[in-house]
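> here you go, sequence then predicted model.
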Amino acid sequence: AQSVAQPEDQVNVAEGNPLTVKCTYSVSGNPYLFWYVQYPNRGLQFLLKYITGDNLVKGSYGFEAEFNKSQTSFHLKKPSALVSDSALYFCAVRDNTGGFKTIFGAGTRLFVKA
Amino acid sequence: DSGVTQTPKHLITATGQRVTLRCSPRSGDLSVYWYQQSLDQGLQFLIHYYNGEERAKGNILERFSAQQFPDLHSELNLSSLELGDSALYFCASSPSAPGELFFGEGSRLTVL
């Protein structure tokens, strides 16, 4: 069965510093991987996805993620954090064997301090 | 604005009652997904419909049911409500697999 793990409940960074939000996955076959962001009292918003191709994926708001097949990881990164990046971040994996349900990690809360 | 519309935004009801949550997907999207988000359970997949047919089921209770209508809108019915059903219920739509999901703003259900 597919699963996603986000090992950190919370990540704290200072504004201007690089940030990393970690994600590891377990899936049969080729993974379809996603990152979403949720601001307070809002729905989730899509940031980026990996389907195939280049292991470094660029997404919205300056975020990028690196797919590492050997480590089954898909960490979210940003070179320079902004206070406005503070939110809840979800990693997700999509079942590509039928049904196409998307399973989400538990989420990581990012705090960016000015 | 994701283009996915959910109603109602807020709902307060009593234990034992039944409610219906409604979702209109983005124009042209055939897939609708329902998720439950609670503080202690995270984002739990409930059910997926594609063009009116059920495609996948997750941790959906027998007291809950859903359907997708010919106009592609979907409804999630929650019955015999319990305190533990209090949560945010999200609907998401997707144009195709393996595309990303577009989420609505959610329906916040409070069961008293």
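Yep, that arrived.

> gap between the closest residue to B:His73 other than its chain neighbours and chain A?
Nearest non-adjacent residue to B:His73, counting by CB to CB, 6 or more residues apart in numbering or on different chains: B:Ser24, 4.8 Å away. (C-beta placed from N, C-alpha, C; glycine too.) As judged by CB to the nearest CB, to the nearest Å, B:Ser24 and chain A stand 14 Å apart.

> B:Gln68 is in contact with B:Ser24, correct?
No: using CB atoms under 8 Å, B:Ser24 is not in contact with B:Gln68, being 11.0 Å away.

> higher neighbour count, those two?
With neighbours defined as other CB atoms under 10 Å in any protein chain shown, B:Ser24 and B:Gln68 compare such that B:Gln68 has more, 23 against 19.

> how about the backbone phi and psi for the more buried one?
The phi/psi pair for B:Gln68 (degrees, to the nearest 10) reads phi -120, psi 130.

> neighbours around the nearest residue in space to it that is not next to it in sequence, how many?
Spatial nearest neighbour of B:Gln68, chain neighbours left out: B:Tyr49 (3.8 Å); criterion: CB to CB, 6+ apart. Neighbourhood size, B:Tyr49 [other CB under 10 Å]: 23.

> same check, this time on the one 3 residues further on
The tally of other residues near B:Gly52 (other CB under 10 Å) stands at 14.

> any idea how far the residue nearest to B:Gln68 is from A:Leu44?
Per CB to CB, to the nearest Å, B:Tyr49 is found 19 Å from A:Leu44.

> any stretches of chain A with poor pLDDT?
Chain A contains residues with pLDDT under 70 at A:96-99.

> and it, which residues reach chain B?
Applying CB under 8 Å from any CB of the partner chain, one finds that chain A approaches chain B through A:32, A:34, A:36, A:42-46, A:49, A:51, A:90, A:94-96, A:98-107.

> OK, contacts around residue 94?
Since you didn't name a chain, this refers to chain A. Going by CB atoms under 8 Å, 6 or more residues apart in numbering or on different chains, A:Arg94 touches A:31-34, A:100-103, B:97-98.

> think we crossed wires, I meant chain B
Shown in contact with B:Ser94 (CB under 8 Å, 6+ apart): A:100, B:29, B:31, B:33, B:100-102.

> ok, now with 10 Å
Listed by CB atoms under 10 Å, 6 or more residues apart in numbering or on different chains, the contact partners of B:Ser94 are A:94, A:100, A:102, B:4, B:25-26, B:29-33, B:48, B:50, B:100-102.

> equivalent analysis for A:Ser84, please.
A:15, A:39, A:61, A:112.

> again, 8 Å this time
With CB under 8 Å, 6+ apart as the criterion, the residues that contact A:Ser84 are A:Val112.

> just A:Arg109 next, same as before
Contact analysis of A:Arg109 by CB under 8 Å, 6+ apart lists A:9-11, A:87-89.
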